[in-house]
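**Student:** Provided below are the primary sequence and the corresponding predicted coordinates.
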Amino acid sequence: MAPVFLIWAPPYATTSSGIRALYRLCHHLNEAGYPSAMVARRIKRLPKWNIPFHRGGVGDSIVIYPEIVPGNPLAAEKVVRWALNDPGLLGGETTYADEEMVFVYDPQRLEAVSRAVKEPLGPRRVLWMGLIDPDVIYPDPSVPKTIDCSFIYKGRALSERFPLPEGIAIEALEDRTPNMAALGDTLRRTRTLYSYDHYSNVLREAAISGCELRVIGEDGVWHDPRGCSCPKNIWWYDDLLGSYARRYSDSAFTHDFVREVRTRWSVPQAAPPGKLRRFWRRFRPFG
């Protein structure tokens, strides 16, 4: 007996929302009763997350690859391609094989990812979850806002074209945030976050923490991303502050995902928690 899903991922990194999403998906699938495990080059245990790690063959499992992985390195017979960004933008292929089931993370990327497949993708191919941890990201009006920060990440090219505003002491967010706890602490003390990355979950985390937000456009103009129509803007879903904690812990979205996967492959019914624990005790190739 093999896990239902195996999820390929780079080594865990708090700085990448895409990587966090891959590990978090494994957690949610297990919490919902679908045995799942990670395939990663370096193992990092995350105590609060239900994520076993792969130590054996693929077998009959459905393998989930992010869009940055070219081809099918695990030679899996059943492949789900999860496009966390535009195909080919950060690596991987610009088109996907007909045999793959392609999903997108952000509903705003449906059109772009549809160009990488034969048939247009619809809303049932959106696999989205909340990634903002309420234990570390939250507003606290009692904390004085004493610093301004910049954030580059995927915006390196823009940062080389357009300098930060003059006359302001601005610290690099990346230099202050070796982990999620430090990120939350820094954002709560940040007045304004100047971001060269228009498509990052950090923008939502900063908004929740009470920061003013400025992103740079291709025209070199700093502006608030919450009211712009830039094509690379993240999805600002309704009631961000009021719903982010619930979205982070809710695994119910996995059932819609599994329902769509079943249109192509067989997926067992969700197992109750006790049965899932017995499954992992029996399946020794997984830690």
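**Tutor:** Nice, I can see it.

**Student:** so how far is residue 278 from residue 114?
**Tutor:** According to CB to CB, to the nearest Å, residue 114 stands 41 Å off from residue 278. In this view, the C-beta of every residue, glycine as well, is placed from N, C-alpha and C.

**Student:** which parts of the stretch 1-150 of the chain are strands?
**Tutor:** Counting by DSSP state E, counting those that start in this stretch, the stretch 1-150 of the chain has strands at residues 5-9, 36-40, 62-66, 79-83, 101-104, 147-151.

**Student:** can you spell out which helices and strands pack onto the second one?
**Tutor:** Applying 3 or more CB pairs under 8 Å, 6 or more residues apart in numbering; DSSP states H and E, one finds that strand 36-40 makes contact with strand 5-9, helix 17-31.

**Student:** residues in contact with the longest one?
**Tutor:** Which is helix 17-31. For helix 17-31, contacts defined as CB atoms under 8 Å, 6 or more residues apart in numbering pick out 4-5, 7-14, 35-38, 46, 49-52, 64, 66, 68, 82, 84-85, 105, 127, 129, 131, 200-202, 251, 253-254, 276.

**Student:** of these, which qualify as buried by neighbour count?
**Tutor:** The neighbour count (16 or more other CB atoms under 10 Å) marks 4-5, 7-10, 12, 14, 35-38, 50-52, 64, 66, 68, 82, 84-85, 105, 127, 129, 131, 200-202, 251, 253-254, 276 as buried among these.

**Student:** returning to what we had before: okay, the helices and strands packed on strand 36-40 in a markdown table with mean pLDDT next?
**Tutor:** Output for the helices and strands packed on strand 36-40, formatted as a markdown table (pLDDT from 0 to 100):
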| stretch | mean pLDDT |
| --- | --- |
| strand 5-9 | 96 |
| helix 17-31 | 94 |
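
**Student:** just these: most buried one?
**Tutor:** Stretch with highest mean neighbour count among the helices and strands packed on strand 36-40: strand 5-9 (a mean of 25; mean count of other CB atoms under 10 Å).

**Student:** which elements pack onto that strand?
**Tutor:** Counting by 3+ CB pairs under 8 Å, 6+ apart, strand 5-9 packs on helix 17-31, strand 36-40, strand 62-66.

**Student:** between the ones you listed, which one is nearest to residue 227?
**Tutor:** Smallest distance to residue 227 across the helices and strands packed on strand 5-9 (CB to CB): 21.6 Å, for helix 17-31.

**Student:** how far off centre is the closest one?
**Tutor:** 8 Å (CA atoms, centre = their mean, to the nearest Å).

**Student:** how about the CA coordinates for stretch 247-256, as PDB?
**Tutor:** Extracted C-alpha coordinates of stretch 247-256, given in PDB (Å, rounded to 0.1, in the frame of the first residue of the first chain):
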ATOM      1  CA  ARG A 247      -8.100  29.900   5.800                       C
ATOM      2  CA  TYR A 248      -4.700  28.900   7.200                       C
ATOM      3  CA  SER A 249      -6.100  26.000   9.200                       C
ATOM      4  CA  ASP A 250      -9.000  24.900   7.000                       C
ATOM      5  CA  SER A 251      -8.200  21.700   5.100                       C
ATOM      6  CA  ALA A 252     -11.700  21.400   3.400                       C
ATOM      7  CA  PHE A 253     -10.400  22.700   0.100                       C
ATOM      8  CA  THR A 254      -8.600  19.400  -0.400                       C
ATOM      9  CA  HIS A 255     -11.900  17.600  -1.000                       C
ATOM     10  CA  ASP A 256     -12.600  19.700  -4.100                       C
END
